[in-house]
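Colleague: let's see this in three dimensions:
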Amino acid sequence: MTRRSMLWLCAGLLIFGAALRAPSLDLPLDRDEGEYASLAWLWSSGQGLPYRDWVEQKPPASIGMHAVAQATFSDGVRGLRWLSVLWTALTVLAVGLLVLGLLRRYAADQSGALRAAALAGLLAALLLSSARTQSLAANTEAWVSLPLIAALWLCFVAQGT
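Modeller: I've put the predicted structure just below:
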């Protein structure tokens with residue numbers, strides 16, 4: 001596997017993941033996203049915890065991403081959409097690199113590793129942006145996928161490298 005083919009794989013997965021998520025840029029917040037945005041605003045404006053079980057019920061990453069969008073962009077909704085596009089593209093890349101790393105580490109025959117990684121990333125992009133699976137909303141599943149994939153990579157690929 002050449003360095004050039006790795007660059008093409010990474011660029012292709014990032015572009016495909018972002019392109020499938022791009023239609024979300026003009027969407028208003030859905031019900032859960034509105035709740036996350038409200039919790040993030042209350043938290044970041046120093047008004048304390050909105051209600052006692054907000055960490056137990058809503059994952060901090062979701063609220064944190066809304067807080068980042070509100071603090072970084074003049075339009076918090078548009079900012080959230082851009083963060084979601086970037087996050088999804090990185091998640092798609094992470095899936096591809098996880099599959100590639102697993103095959104390189106554990107498979108006896110690595111001839112199709114690059115193609116398998118590309119296919120895994122493309123399937124992840126479709127699943128993360130399909131209306132029948134995840135949808136275009138930036139909800140819990142969108143924010144937890146990347147850390148979970150990174151944890152799998154650390155557990156199964158990075159050990160001993």
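Colleague: wait, what's in contact with the residue nearest to Gly76 when sequence neighbours are not counted?
Modeller: In space, and not counting its chain neighbours, Gly76 is closest to Gln70: 4.0 Å by C-beta to C-beta, 6 or more residues apart in numbering. For the C-beta atoms, the positions are set from N, CA and C on the backbone; glycine is no exception. Residues in contact with Gln70, defined by C-beta atoms under 8 Å, 6 or more residues apart in numbering, are 37, 40-41, 44, 76, 79.
Colleague: how far away is Gln70 from Leu39?
Modeller: Noted for Gln70: a distance of 11 Å to Leu39, by C-beta to C-beta, to the nearest Å.
Colleague: and Val55, what pLDDT?
Modeller: At Val55, the model reports a pLDDT of 52.
Colleague: I meant to write Trp8 there.
Modeller: 97.
Colleague: longest single helix anywhere in the chain?
Modeller: helix 76-106 (DSSP state H).
Colleague: in the next helix or strand after it, what's buried?
Modeller: Going down the chain from helix 76-106, the next helix or strand is helix 113-129, by DSSP states H and E. Neighbour-count burial for helix 113-129, with 16 or more other C-beta atoms under 10 Å as criterion, is recorded at 113-114, 116-118, 120-122, 124-129.
Colleague: quick one: mean pLDDT over helix 113-129.
Modeller: Rounded mean pLDDT across helix 113-129 is 95.
Colleague: and the contacts of that helix?
Modeller: 1, 5-6, 9, 12-13, 16-17, 20-21, 24, 88, 91-93, 95-100, 103-104, 107, 133-136, 142, 145.
Colleague: what's the angle between that helix and helix 76-106?
Modeller: Interaxial angle, helix 113-129 versus helix 76-106 (axes from the mean of the first three to the mean of the last three C-alpha atoms, to 10 degrees): 150 degrees.
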